[in-house]
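In: can you look at this prediction? I've put the sequence above it.
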Amino acid sequence: MELIVKILPLFGVLALAFVILKSAWVSKQDQGNEKMIRIAKNIADGAMSFLKAEYKILFIFVVAVAILLYFKGVNEIGSNGMVAVSFIVGAICSALAGFIGMKVATKANVRTTQAARTSLGKALEVAFAGGAVMGLGVVGLGVLGLSGLFIIYQNIWAGADNLGLVLNILSGFSLGASSIALFARVGGGIYTKAADVGADLVGKVEAGIPEDHPLNPATIAVP
């Protein structure tokens, strides 16, 4: 059992290595013509601008909650202030997974479109690779972060008697990761829905531009 725990971080490293390889493969695929490249760049810039703005707000949230968890852990029997550290690490892993996923997804979208012009099989391969990067990025960072913290805490609080304490402190990791994922899901959904409504009202009604026309800036956020 002890050997399994020690080699667990290696599985996280392997998953992240696969993420790097697949991301590089997606980047090498054909982006299509100049118009497709220009639209894809606008989509990528809009997506990353949203993500950066969201993460600035989430940074304040993470710091505030970490402070509360620290004082709660110090004053609660069977817990420890290190739960705040687990929370921060979990939040960082989740935010990093979202960043990686957004970067690769915006790359894969235009490349999938271009691949579909020649072969549906090739398009599926590109799309599947882009999705695999996000999925394995989440798994790899989760396994690496959680197992790494477990090994560190086991060295600090050694022995079976302290296992309950270690698991209690580790619970902060899942809380941090879930919090970022929740805000990213809700915030992203609100942002895209607002953009969709804006495309309808401003684009079609006021400017007379079709909803999905590339000249309508609101459509950049909708994909």
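Out: Looks like it arrived, so ask away. Values in this document were obtained by computation on a predicted structure and should not be read as measured data.

In: now for the longest helix belonging to the chain, which elements pack on it?
Out: The single longest helix within the chain, with elements called by DSSP state H, is helix 34-75. Applying 3 or more C-beta pairs under 8 Å, 6 or more residues apart in numbering; DSSP states H and E, one finds that helix 34-75 contacts helix 83-116, helix 163-198. The way it works is simple: take the backbone N, C-alpha and C, and place the C-beta from them, glycine included.

In: could you give the mean pLDDT of the first one?
Out: What it means is helix 83-116. The average of the pLDDT scores along helix 83-116 is 90.

In: thinking again about what came up before, just the helices and strands packed on helix 34-75: most buried one?
Out: The highest mean neighbour count among the helices and strands packed on helix 34-75, using mean count of other C-beta atoms under 10 Å, belongs to helix 83-116: a mean of 21.

In: what distance separates that helix from the middle of the whole chain?
Out: 3 Å (C-alpha atoms, centre = their mean, to the nearest Å).

In: residue closest to the middle of this structure?
Out: The centre of the chain sits closest to residue 98, judged by C-alpha atoms, centre = their mean, with a distance of 1.4 Å.

In: which residue packs closest to that residue, ignoring adjacent ones?
Out: Closest residue to residue 98 apart from its sequence neighbours, by C-beta to C-beta, 6 or more residues apart in numbering: residue 184 at 5.2 Å.

In: per-residue confidence for the one you found?
Out: Residue 184 is given a pLDDT of 76.

In: redo the helices and strands packed on helix 34-75 as TSV? Include distance to residue 207.
Out: Shown next, in TSV, are those (distance: least, C-beta to C-beta, whole Å):
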stretch	distance to residue 207
helix 83-116	25
helix 163-198	11
